[in-house]
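**Student:** dropping a prediction and its sequence here:
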Amino acid sequence: MFFRQLFDRESCTYTYLIADPDTQKLVLEQKPKAYSCVSEAS
């Protein structure tokens, strides 16, 4: 199992990459960060 969490400071977005090398399946999911990041940018 492979897991990686990435964060983009400009958009305040987390990206999660999850992969299984045995089945060669991949999941990529993006989530916006909580309100605190949005208010900091204002």
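**Tutor:** On my side now, so go ahead.
**Student:** quick check: which element contains Phe7?
**Tutor:** Per DSSP states H and E, Phe7 falls inside strand 2-8.
**Student:** so for that strand, mean pLDDT?
**Tutor:** Computed over strand 2-8, the mean pLDDT rounds to 92.
**Student:** for the residue sitting nearest the centre point of the chain, what are its contacts?
**Tutor:** Centroid-nearest residue in the chain, with CA atoms, centre = their mean: Thr15, separated by 1.4 Å. By CB atoms under 8 Å, 6 or more residues apart in numbering, the contact set of Thr15 is 5-8, 28-30. Every residue, glycine included, has its C-beta placed from N, CA and C.
**Student:** ok, which stretches of this protein are strands?
**Tutor:** Along the chain, the segments classed as strands by DSSP state E run 2-8, 13-20, 25-32.
**Student:** most tightly surrounded among these?
**Tutor:** Neighbour counts (mean count of other CB atoms under 10 Å) averaged over each of the strands of the chain peak at strand 13-20, with a mean of 14.
**Student:** ok, that strand: who's next to it in the sheet?
**Tutor:** Strand pairing for strand 13-20, using DSSP bridges, gives strand 2-8 (antiparallel), strand 25-32 (antiparallel).
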